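K.L.:
My questions concern the predicted model and sequence given below.
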Amino acid sequence: MFAYILRSLLQGAVVLIAVAFIAFSMFRFVGDPVANMVGQEASMADREELTKHLGLDQPFPIQFLRFLGKAAQGDFGISYRQGRPVAAVMAERLPATVELAVLSAIFATVVGVALGVYAAIRRHGLVANAVMTLSLVGVSLPTFLIGIGLIYVFAVELRWLPSFGRGETVRLGGWTTGLLTKSGLQSLILPVLTLGFFQLTLIMRLVRSEMLEVMRSDFIRFARARGIPNRVIEFRHALRNTMIPVVTIAGLQLGSVIAFAIVTETVFQWPGLGALFVNAVQFADVPVMAAYLVFVAFVFVVVNLATDLAYLALDPRLRAAPTAAR
Amino acid sequence: MGSDRHKAAALAVALLAAFAIAAGPAESRTLRWARSIDTTSLDPHAANVGPNLLVVHQIYEPLIVRRFDGKMVPALAVSWALTRDPLVWEFKLRPGVTFHDGKPLTAEDVLFSLERARSTASDVKSLLSSVASVSKADDHTIRIRTVGPDPLLPNNLTDVLVMSKPWTEAHESVAIHNPASGRETHAAGHANGTGPYAVVSREPGKKTVMRLYEGYWGKGEHPLDIDEIVYLPIPDNATRITALVSGEVDFVQDVPVQDVQRLQENRALRVNVSPENRSIFLGMNVGAPDLKSSSLKGSNPFADRRVRAAIEMAIDRLQLQRNVMRGLSVPAGVIVPPFSNGYTSELDIWPPVDLAKARGLLREAGYPDGFDIALTCPNDRYVNDEGLCHGVAGMLGRIGVRTRPATQPAAQHFGQVRRAELDFYLLGWGVTTFDSEYIFSLLYHTNTGALGGWNGTGFSDRAVDDQIHTLRQEVDQARRNATIASLWRRLKEEVIYVPLHNQTIVYAMSREFDIPVDVSSQPKMKFVGARRM
């Protein structure tokens, strides 16, 4: 068990270093950050001095090693654009992204499971078929289009909900939350719908097919033969067995929701990490880009590790294997 | 108990009434202002770039400020003049000015700020490169001594903002906030200026709130019709425009060309369009022995004036204006915009489009079959810069100059222009001093690093350089203008750059506001007049 965790952690570290390396080598093509940092009257000598000061004149391997060394100590350098520590800038943006991602995941899971179960039970019903058809739209429409569509209807035409930003936020220690104010909650609705829509349709289709599969299995047939009421079969026996793969997928999806909220955050000017990254790309703000990509890799590593551990807890065969080998 | 409640109610009504009267005539007005980018800092000397100056200009003030039309008017200085010594300028400071913390403005503050702005870590130091020393004559007079005579010193002071010495020192912000310094200072996120608006709160990249400063000296002198500014950076074009259409912001400063017509048709909105103090043009590498992007080896066609003239003749400016710029540009024949000193309508002419004649010129120059070349343009800096690149390429193809358009982000483009690595490129130039000297010194002077830093053409002419040096030291206005005119005549003849147009700026806003277009796109909200419904 311990060896298993250690191995997973080591693999995670390798992934992080690999991501940092790839990211870092790409940044040499995004342009000269110094060009954005000084006015047009600044002389070439001034620019060179700044380049030197930032260590950008150093050869690539040295820059990379220096970055790794500092990152290991939690120091991701100074944002070229804001002139503030990257760690502080990211910490400031993290709550917005986490709130958006977690709410989207909850929305996608709850509604997705409910609709999936419904579509499985009433598989020939009119409503179930309509929902299934609609879910195809969710799978195939790009996120930004859904976002723009929602903005057009609810912000421009109806004017019920704000089209951008996070509304008023409340500060709780080092965390800011939009969950405690009216404008904060209103601002969450459209981005959560947009970000959660794809996951929702995915979970719904998964639940439906898993459930149909389970409903065909022997133990359900025996249960029916014993005269157990349909409700009990569907919700107590079938749904439970359906949930195992669904939980895995939903867990993994949370990682990608946090990581790839970029599009939704851009469309809604949501002040989270994704929007920060897009801005950083525009201004060749290398430290922020590097830290963000490492952060995303970190989220995936953690989520994968958690999934591995969950398997370990759920599946006795995985636990037994090392013992048998010994 | 009952009577107490009545009393309380009566008091509440009375209070409300008093409040209503007090608030009655001057109803509070908030301007929610959206722009594509945020300032990187509130430190006024941190970066000499548009998005920064735009915000800090609402909070801090210079000695002399530019109005919406670019004209210089007194701010913290009430008057200024060259003394009998042509190296010394004298500025009389405005009495009765206070900072947002209530402390009065003194000559010490101005000296402190000028020294801070001149220091190595300052990005505005290039504006003060001619300054030798700064001194105080009395509590309300300061003197600036320059290295050589500098006729443009007042022009360069319009973006040098004044901070409070005691405040800056007390908050350990004497060192300038700068990404290279690696330390965030208090002044990066807080401010204490003399300007019309004081900072209430700031969240970088999200929102900056500023409120009208009660003790502002300019009350009664300037309209000051906006009580509160909520500055909202919204990078995404569609989101920014949608926020305006849905009524969530009042003023959008960066309007994409394709949205202009739609916004003009919207009755709830007002769209103001006006030329900017910025020319857009093509640069040709006349200095290189060989063009890297051409299959033609061993000769540089751009070195021949006839080829450059042929290229100018093949470009249909009116068609670019109509089809690429959708009418939002003013075609130009010279790379100095009408707002800047040195512009004349005689300069602003261009040869009629004549393809046969252009082909003839190419033949004369020894390129009967034309040649191939890459035209490199930025794709995120100027209005429709990418479209211009493609439009020009198509037009040049008609005379046999087979042009491949190549586009890249400005962050890369500018570095390549400055290192003279490009054969043929698109560039825009805003004239921050509103004087031709700025164009000559940076775009035409031989690239020596200090001067000619943006001359990516390899053009180098001793006589032109000498004239530019004379111009930079000449304080006699008439002689100065004569030199400018003679330089323009010569340079227009050379066709080192092909002027395309002057860019126009589009502001879109709610009908309740009427914010005129600022020629440098640096609107100072204190100048915005009463509402016109």
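P.N.:
Everything's here; your move.
K.L.:
Check the burial of residue B:447 by counting its neighbours.
P.N.:
23 (other Cβ atoms under 10 Å in any protein chain shown). C-beta: built from backbone N, CA, C; applies to glycine.
K.L.:
what about it, which SS state?
P.N.:
Assigned by DSSP: H, G, I helix; E, B strand; the rest coil, the conformation of residue B:447 is coil.
K.L.:
list the contacts for it?
P.N.:
If a contact means Cβ atoms under 8 Å, 6 or more residues apart in numbering or on different chains, then residue B:447 has B:420, B:453, B:455, B:456, B:458, B:460 as its contacts.
K.L.:
Alongside chain B, which residues does the stretch 101-250 of chain A contribute?
P.N.:
When proximity is defined as Cβ under 8 Å from any Cβ of the partner chain, the stretch 101-250 of chain A approaches chain B at A:148, A:151, A:152, A:155, A:156, A:159, A:162, A:163, A:164, A:165, A:166.
K.L.:
which helices and strands sit right next to the helix or strand the first one falls within?
P.N.:
Applying DSSP states H and E as the criterion places residue A:148 in helix A:143-150. Other helices and strands packing on helix A:143-150, by 3 or more Cβ pairs under 8 Å, 6 or more residues apart in numbering or on different chains; DSSP states H and E, are helix A:182-215, helix A:262-267.
K.L.:
Determine which stretch of these is the most buried.
P.N.:
helix A:262-267 (a mean of 24; mean count of other Cβ atoms under 10 Å in any protein chain shown).
K.L.:
Run through who's touching that helix.
P.N.:
A:97, A:100, A:142-144, A:147-148, A:151, A:191, A:194-195, A:270-275, A:277-278, B:235-236, B:238-239.
K.L.:
one step back: out of the contacts of residue B:447, which is nearest to residue B:152?
P.N.:
When the contacts of residue B:447 are compared for distance to residue B:152 (Cβ to Cβ), residue B:453 wins out at 17.0 Å.
K.L.:
Let me see the contact set for that closest one.
P.N.:
A:41, A:43, A:44, B:418, B:442, B:447.
K.L.:
quick one: which of the residues you listed sit in helices?
P.N.:
Mapping the contacts of residue B:453 onto helices (DSSP state H) picks out A:44, B:418.
K.L.:
Can you lay out the contacts of residue B:453 as JSON lines showing pLDDT and distance to residue B:314?
P.N.:
Listed next are the contacts of residue B:453 as JSON lines, based on pLDDT from 0 to 100; distance: Cβ to Cβ, whole Å:
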{"residue": "A:41", "pLDDT": "72", "distance to residue B:314": "33"}
{"residue": "A:43", "pLDDT": "73", "distance to residue B:314": "35"}
{"residue": "A:44", "pLDDT": "72", "distance to residue B:314": "33"}
{"residue": "B:418", "pLDDT": "87", "distance to residue B:314": "27"}
{"residue": "B:442", "pLDDT": "92", "distance to residue B:314": "27"}
{"residue": "B:447", "pLDDT": "90", "distance to residue B:314": "27"}
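K.L.:
Which of the contacts of residue B:453 sits closest to residue A:88?
P.N.:
residue A:41 (30.6 Å).
K.L.:
Who are the contact partners of the nearest residue to that closest one once chain neighbours are set aside?
P.N.:
Using Cβ to Cβ, 6 or more residues apart in numbering or on different chains and skipping residues adjacent in sequence, the residue nearest residue A:41 is residue B:126, 3.9 Å away. Neighbouring residues of residue B:126 by Cβ under 8 Å, 6+ apart: A:39, A:41, A:42, A:43, A:46, B:48.
K.L.:
now swap in residue B:454 and tell me
P.N.:
Applying Cβ under 8 Å, 6+ apart, the residues near residue B:454 are A:40, B:417, B:418, B:427, B:429, B:442, B:443.
K.L.:
switch to 7 Å and redo it
P.N.:
By Cβ atoms under 7 Å, 6 or more residues apart in numbering or on different chains, residue B:454 lies in contact with A:40, B:417, B:418, B:442, B:443.
K.L.:
and which of the residues you listed is nearest residue B:145?
P.N.:
residue B:442 (24.6 Å).
K.L.:
For that closest one, which non-adjacent residue is closest in space?
P.N.:
residue B:454 (4.7 Å).
K.L.:
Could you tell me which residues of chain B lie near chain A?
P.N.:
By Cβ under 7 Å from any Cβ of the partner chain, the residues of chain B that approach chain A are B:40-41, B:47-49, B:123, B:126-127, B:177-180, B:182, B:184, B:188, B:204-206, B:234-236, B:238-239, B:242-243, B:245-248, B:409, B:411-412, B:414-415, B:418, B:449-450, B:453-454.
K.L.:
from the residues you listed, which ones fall inside helices?
P.N.:
B:188, B:238, B:239, B:242, B:243, B:245, B:411, B:412, B:414, B:415, B:418.
K.L.:
Domain boundaries for chain B, per the record?
P.N.:
B:2-250+B:512-527, B:275-504 (automatic domain parsing).
K.L.:
and residue 257, how many neighbours?
P.N.:
No chain in the question, so chain A it is. Residue A:257 has 24 nearby residues by other Cβ under 10 Å.
K.L.:
Chain B is the one I meant
P.N.:
17.
K.L.:
and if you look at residue B:28?
P.N.:
So residue B:28, with other Cβ under 10 Å, has 10 neighbours.
K.L.:
Look up how far residue B:198 lies from the residue nearest to it when sequence neighbours are not counted.
P.N.:
Take residue B:28 and drop its neighbours on the chain: the residue closest to it by Cβ to Cβ, 6+ apart is residue B:227, 4.8 Å away. For residue B:227, the distance to residue B:198 equals 12 Å [Cβ to Cβ, to the nearest Å].
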